[in-house]
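Structure of the sequence below:
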Amino acid sequence: MKPKLTRTTFVAALGIGTFTALLATAEETRVTFPDLDALIHYTTVNRGNVTEHMLTTQAAIDAAQAGQKIPDGTQVVLVDYREGEVYRYFVMEKGPGWGAEYDDGRRTGDWQFQFYWGDQSINMEESTARCQSCHQARSDVEYMYTYNDLRRFAQ
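All right, here's what the predicted structure looks like:
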């Protein structure tokens, strides 16, 4: 005998399917929200009505300028401003062996990514897989789009 599909069962199944689909596109990672006061603003990128302030550690700046690998524990933060207010944060963080958690299609060295809302809560509406696929093209410069800005930064 086939189980009877009730409205409640259908809605519950639909909810599980929607939740599963969301998990496939957005996820929590090992990235933690940074201590913004401990980071250095090394460049600003303007894209239309969006202003992006880029922050990282002195150790990352020193490593890039010396032609060395960016050290584990480094966080690179993009602070996304819209209409003069923080809209969201995008954080890259590097940890030892973190890349092993992904297949080759998503691996970006040992970097992981996380989006946060302006209130610093995790933004589960954006896919970190999308970030990884784009940043893979920058493997020669530590997976960073602003690596050359980091190398040229002078305080």
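
Centre-most residue in this protein?
F113 (2.7 Å; C-alpha atoms, centre = their mean).

so that one, which of the three states?
strand (DSSP: H, G, I helix; E, B strand; the rest coil).

Endpoints of stretch 124-140, how far apart?
With C-alpha to C-alpha, to the nearest Å as the measure, stretch 124-140 spans 29 Å from end to end.

Name the residues of that stretch that come out as buried.
For stretch 124-140, the buried set under the neighbour-count rule, 16 or more other C-beta atoms under 10 Å, comprises 126-129, 131-132, 135. Where C-beta positions appear, they are placed from N, C-alpha and C, glycine not excepted.

Touching that stretch from outside, list them.
22, 25-29, 90, 92, 102, 105-109, 111-115, 143-145, 147 (C-beta atoms under 8 Å, 6 or more residues apart in numbering).

Filter these down to the ones in strands?
If you go by DSSP state E, these have 90, 92, 111-115 in strands.

what stretches of the protein score poorly on pLDDT?
1-25 (pLDDT under 70).

what are the ranges of the helices in the protein?
Counting by DSSP state H, one finds helices in the chain at the ranges 7-25, 58-65, 128-135, 147-152.

From A64, how far out is R151?
Here the distance between R151 and A64 works out to 5 Å (C-beta to C-beta, to the nearest Å).

Please identify which of those two sits among more neighbours.
For R151 versus A64, the count of surrounding residues by other C-beta atoms under 10 Å is larger for A64: 25 against 15.
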